[in-house]
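# here are the coordinates; sequence isn't available:
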């Protein structure tokens, strides 16, 4: 059994491929499936299955596109209510992949329809836990309250998570490998480790969720101080339940404009220095120059689902890269255009007069843009000053 972990670091997302005896399965794929096709090609493997551990909230999956382009069967829990062609995969369900047996464990808690995929070969057990069991944490139970058509109460899901951790993993071996769908930096949990994988034995020793505790203690800790819920999470759940459009075709519909100027909601992705030196009036700077820039997360702070917007890039060569990032959260359908800027239409950012601010602080409004968990931690992130 060959297991390959794919990482998309801006969203701290992990997806997986399993290859055995010329057959390949994909678990929780990201929006663009080309890397999985490349891996299958390198291993002379046929893609026969794609698994969704649950309908993801923080990214758009390519499961439907993979099905359409490879003929692979999509597997997920019947509780999901998927609107695309699929095969139910719940406890009692198995699939033989070469010499590997894949089976389902229903593990509700993050969502009612969450499953863990267990892969067993002659000498190895691997658990693909989705957003149920992370390294050092478990998935947050409060996202389905704002998930469009798919709602569930956080208290009920937190109690389900307690039962899952207590009962669903207890008979599995300590050396079972744990492969989650997210790592540190994801908003799908509050205390995720930077480790990309673990063993069940290590999680039993180090993960707070496996400590001996009452259901009430577990639930109270799990619900306490969860991060804010981004507005696009419910939007993505609904897209993933229906099945996303082919990403290549969807991105191709976005207009490109060279040395142009636009009005409306403008997101400028250039670096901070270039933006300050000159930008289109009304632009908002969300940098997208490296994987360390949390572009996708900040984009949804500014742009609501279904809200029309434009993106400014520095160089025409950046077009495909920025479309790829926008489509990760399904926002390409509301992206009106991508443009490079007309230098004759730029304005320069005004600098804060620090001396005047110190002398006349009552003339300024200080806007604290930290989220609640950051305020609770007592850390200082950022301030914006606006003159009255």
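Received the coordinates, thanks. Quantities reported herein were computed from a predicted structural model and do not represent experimental measurements.

# So which residues of the chain form helices?
Taking DSSP state H to define them, one finds helices in the chain at 34-42, 63-70, 154-163, 200-206, 215-223, 232-242, 247-252, 272-277, 295-302, 319-327, 354-359, 372-377.

# With residue 126 as the reference, name the closest of those.
Set against residue 126 and scored by C-beta to C-beta, these come closest in helix 200-206, at 10.2 Å. For glycine as for every other residue, the C-beta is placed from the backbone atoms N, C-alpha and C.

# Go through the closest one and flag the buried ones.
200, 202, 203, 204 (16 or more other C-beta atoms under 10 Å).

# if we can go back for a sec, would you mind putting the helices of the chain into JSON lines with mean pLDDT alongside?
Shown next, in JSON lines, are the helices of the chain (pLDDT from 0 to 100):
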{"stretch": "helix 34-42", "mean pLDDT": "98"}
{"stretch": "helix 63-70", "mean pLDDT": "98"}
{"stretch": "helix 154-163", "mean pLDDT": "93"}
{"stretch": "helix 200-206", "mean pLDDT": "95"}
{"stretch": "helix 215-223", "mean pLDDT": "92"}
{"stretch": "helix 232-242", "mean pLDDT": "92"}
{"stretch": "helix 247-252", "mean pLDDT": "96"}
{"stretch": "helix 272-277", "mean pLDDT": "90"}
{"stretch": "helix 295-302", "mean pLDDT": "89"}
{"stretch": "helix 319-327", "mean pLDDT": "96"}
{"stretch": "helix 354-359", "mean pLDDT": "87"}
{"stretch": "helix 372-377", "mean pLDDT": "66"}
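
# Pick the most buried one from those helices.
helix 232-242 (a mean of 22; mean count of other C-beta atoms under 10 Å).

# how distant is that helix from the center of its chain?
Between the centre of helix 232-242 and the centre of its chain there are 11 Å (C-alpha atoms, centre = their mean, to the nearest Å).

# now do stretch 291-301
Put simply, stretch 291-301 sits 11 Å off its chain's centre (C-alpha atoms, centre = their mean).

# Same check on stretch 45-58?
From the chain centre to the centre of stretch 45-58 is a distance of 14 Å (C-alpha atoms, centre = their mean).

# measure it end to end?
29 Å (C-alpha to C-alpha, to the nearest Å).

# buried sites along it?
Neighbour-count burial for stretch 45-58 flags 45, 47-58 (criterion: 16+ other C-beta under 10 Å).

# With pLDDT as added columns, please give these in TSV.
Output for the buried residues of stretch 45-58, formatted as TSV (pLDDT from 0 to 100):
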residue	pLDDT
45	98
47	98
48	98
49	98
50	98
51	98
52	98
53	98
54	96
55	95
56	94
57	91
58	91
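
# Closest to residue 89 out of those residues?
residue 51 (7.0 Å).

# okay but the closest one is in contact with residue 75, surely?
Yes - if you go by C-beta atoms under 8 Å, residue 51 and residue 75 touch, sitting 4.9 Å apart.

# can you list residues touching both of the two?
Counting by C-beta atoms under 8 Å, 6 or more residues apart in numbering, the shared contacts of residue 51 and residue 75 are residue 89.

# ok so, going back, would you turn the buried residues of helix 200-206 into a markdown table with distance to residue 29?
Output for the buried residues of helix 200-206, formatted as a markdown table (distance: C-beta to C-beta, whole Å):
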| residue | distance to residue 29 |
| --- | --- |
| 200 | 24 |
| 202 | 26 |
| 203 | 24 |
| 204 | 29 |
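
# Out of these, flag the one nearest to residue 364.
Distances from residue 364 to these, taken as C-beta to C-beta, are shortest for residue 203 (48.8 Å).

# In contact with that closest one, which residues are there?
Residue 203 is in contact with 133, 135, 136, 178, 210, counting by C-beta under 8 Å, 6+ apart.

# what about the last one, how many neighbours?
A count of neighbours around residue 210, defined by other C-beta atoms under 10 Å, yields 17.

# Then the first one?
The number of residues packed near residue 133 is 33, by other C-beta under 10 Å.

# Please apply the same query to residue 89.
Using other C-beta under 10 Å, residue 89 has 26 other residues around it.

# Now do the strands in the stretch 51-200 of the chain.
Secondary structure of the stretch 51-200 of the chain (DSSP state E, counting those that start in this stretch): strands located at 73-76, 87-88, 94-97, 100-106, 115-120, 125-130, 177-180, 198-199.

# Pipe these into a markdown table and attach mean pLDDT and mean neighbour count per row.
Listed next are these as a markdown table, based on pLDDT from 0 to 100; neighbours: other C-beta atoms under 10 Å:
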| stretch | mean pLDDT | mean neighbour count |
| --- | --- | --- |
| strand 73-76 | 98 | 22 |
| strand 87-88 | 96 | 13 |
| strand 94-97 | 97 | 16 |
| strand 100-106 | 97 | 20 |
| strand 115-120 | 97 | 23 |
| strand 125-130 | 97 | 25 |
| strand 177-180 | 97 | 24 |
| strand 198-199 | 96 | 19 |
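
# Could you check these and tell me which one is nearest residue 9?
Closest approach to residue 9 among these (C-beta to C-beta): strand 177-180, 14.6 Å.

# about what we covered before: out of the helices of the chain, which is closest to residue 103?
Closest approach to residue 103 among the helices of the chain is made by helix 200-206 (15.5 Å; C-beta to C-beta).
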